[in-house]
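> kindly generate the corresponding structure for this input.
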Amino acid sequence: MESTTTPTAATVRVRASELQGRGWLNTGGAELDLEKLRGKIVILDFWTFCCINCLHVLDELRPLEQQYSDVLVTVGVHSPKFEHEADPVALAAAVERYDIAHPVLDDPELVTWQAYSARAWPTLVVVDPEGYIVAHLSGEGHAAGLATFIPELIAEHEAKGTLHRGSGPYVAPEPVARDLRFPGKVLPLAGGNFLVSDTGHHRLVEMGSDLAAVVRTIGTGAKGLADGPAEAAEFNEPHGLALLPGELAAEVGYDVVVADSVNHRLRGVTLADGRVRTIAGNGVQRLLEAGPARVDDDGAAASATHLGTAPLEVALSSPWDVAYSSALGAVVIAMAGTHQIFAFEPASGAVSIVAGNGLEGLLDGPADQAWFAQPSGVTEDAQGNIWVADSETSALRVLKFGPGGTTVETAIGEGLFDFGFRDGDAGQARLQHPLGVAVLPDGSVAVADTYNGAVRRYDPASKTVSTLARGLLEPSDVLLDESGEVPLLIVVEANRHQLIRLPLPKNALQVDEGAAQTQRPKTNVAPGELALKVNFSAPTGQKLDDRWGDPTQLKISSTPPELLVSGGGTSVGLSRTLVLSPDVPEGVLHLTARAAACDGPEDANGEIPDHAACHLYQQDWGIPVLLAADGATELALDLRGMD
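Take a look at the predicted model:
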């Protein structure tokens, strides 16, 4: 078990490196540097806009930014994973889309990322008012720790006279009025109209058959959570929409299920009057478990496998899309935040995990052992299979239900860091962060290939990929429209804030702009033994939850598998000795670290009381390594490191 003690005053203090990049957003055109931020507590948030964990952190930081607005400055350092994210126009749209109210440094060449030795998205670095680094935090779930750490820094630097109160450097951009704002998903309705998740406006919009006329809105347009009539309801970045079968809708009293992503809930909408109700989710993001936060040997939080039939008590995490599954008799949910596929049975209220063990990556096989990475689109085909747009692996996956159980297969995709724009044989084809899927009349699958600005087609019969349309701005969903004489595609073009119809081309395009991998600095390591240590220091007022044994865990694998001679697999503890093969020149180490800690105070026996609120800290790393005789023999990573 790792020590939870705070370093002594003798610890060497490290100056924060200067902030360098291509330019700044949300500063009114001003350039920032650390000297201008001296006297403030600064949180550097290393993020990329594809990353669901990064989006969670944005929301975790908002209350702290508001509470400590006179002493705290958050600086988003945008360090892109995908090629598309290095586009400054796309970054500006993302900053607008996610209502980011702090300065953002555009760091497309990862200059500042490297200066701070960042290794994962998201990473937080806390800089004190004198310009020294005082904390490194990886992953999400750090809000509670920061809420105790920031007052400690305030008290220390007020006493020293080094804290300067006053407004920060954020300059809000001019607002833009639009009918739709970054729409997410679309659902056909009886009568020819369409229901659209108007994600950026935090509402639903019913559009006419022309995809332009606004028939009605459901929701006030204010970010929030409120049930009730259409004019009073509130959502927070709604995305997926699923229509229930008529008999089931009549039984449960609502017609449409909505994935209300930032509220971590499912909502039900009655189309007759637009009334909204909450049907699943307690609003607590699933990463932060209530009650014991023990980590099991299978890599899942103990409470994560006991979901039950009380849907309003279940914790969800960024449900991104929903679709009704006739095979399951339930609504399947692309649970982006936990990298899993869930199911919700409206009649019974049962919530269950259909596929995915919660680890991030691409691994096929039995559903309970499969890995996903931010699934963001789901649809059912005529055979009852569920097709999944698995965005962070740039993959198209499929769930198949059989007498032997549910299995997961990959149709297109290679791994977490592989992407591109390539048609042809599916084994060599590449996508770039797809978000939507639809089944076409011939049984092929259309994919909203979001970061390639395209709609792609996968043919299961020939196992080939082609391109149906390109030149789009971040298409987030695709729908087959069979309301006319010939079938058409409806595409939700999120960054043009519109829906468009496109013909199904008789001759699809064949595009080959190549395959790529996410380029990050490689770490030189020596073949043979590598001592790995993940630093974790529980926040003030928390204690590692050791009621069921060691509450920490490491899961380690590699690409290629031959890189790792020994030391792979899952076990407790945050340190391990790996043995790397001298015959593999380079590869990627895949690491997942978890730690469970609970709030105090301890009881009279020094134990954590049963009612204590507990927190699960987790981070996934993909560390590119080059093997060299003079390489490092130790590797240290920070889950929560305090300087």
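
> in the stretch 51-200 of the chain, which spans are helices?
Taking DSSP state H, counting those that start in this stretch, the helices of the stretch 51-200 of the chain run over residues 52-67, 88-97, 111-115, 143-160.

> tell me the angle of the first one relative to helix 88-97?
Looking back up the chat, that one is helix 52-67. Following axes from the mean of the first three to the mean of the last three Cα atoms, to 10 degrees, one obtains 50 degrees for the angle between helix 52-67 and helix 88-97.

> relative to helix 143-160, how tilted is helix 52-67?
40 degrees.

> give the contact list for residue 365.
407-408 (Cβ atoms under 8 Å, 6 or more residues apart in numbering). The way it works is simple: take the backbone N, C-alpha and C, and place the C-beta from them, glycine included.

> tell me how far it lies from residue 400.
12 Å (Cβ to Cβ, to the nearest Å).

> who touches both of these two?
Common contacts of residue 365 and residue 400 (Cβ under 8 Å, 6+ apart): 407-408.

> kindly check the end-to-end length of stretch 26-37 for me.
15 Å (Cα to Cα, to the nearest Å).

> list the buried residues in that stretch.
26-27, 34, 37 (16 or more other Cβ atoms under 10 Å).

> any chance of those in CSV, plus secondary structure?
What follows is these, written out as CSV (DSSP: H, G, I helix; E, B strand; the rest coil):
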residue, secondary structure
26, coil
27, coil
34, coil
37, coil
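
> could you single out the nearest of the residues you listed to residue 477?
Within these, proximity to residue 477 (Cβ to Cβ) peaks at residue 26, which comes in at 28.3 Å.

> backbone dihedrals for the closest one, please?
phi 70, psi 30 (degrees, to the nearest 10).

> which residues does it contact?
So residue 26 contacts 95, 100-104, 170-173 (Cβ under 8 Å, 6+ apart).

> same question for residue 96.
173, 176.

> what separation do you get for it and residue 221?
From residue 96 to residue 221 the distance is 16 Å (Cβ to Cβ).

> before we move on, what about residue 378?
Taking Cβ to Cβ, one finds residue 378 at 27 Å from residue 221.

> between the two, which is the more surrounded one?
residue 378 (27 against 15; other Cβ atoms under 10 Å).

> secondary structure class for that one?
Of the three states, residue 378 takes strand under three-state DSSP.

> tell me the confidence at it?
Note on residue 378: pLDDT of 98.

> quick check: it touching residue 319?
No: the pair residue 378 / residue 319 is not scored as a contact, 10.4 Å apart, by Cβ atoms under 8 Å.

> shared neighbours of those two, anything?
In contact with both residue 378 and residue 319: 240, 333-334, using Cβ under 8 Å, 6+ apart.

> quick one, phi/psi of residue 364?
Main-chain torsions, residue 364, degrees, to the nearest 10: phi -90, psi 180.

> now do the contacts for it.
If you count contacts by Cβ under 8 Å, 6+ apart, then residue 364 has 370, 397, 407-410 around it.
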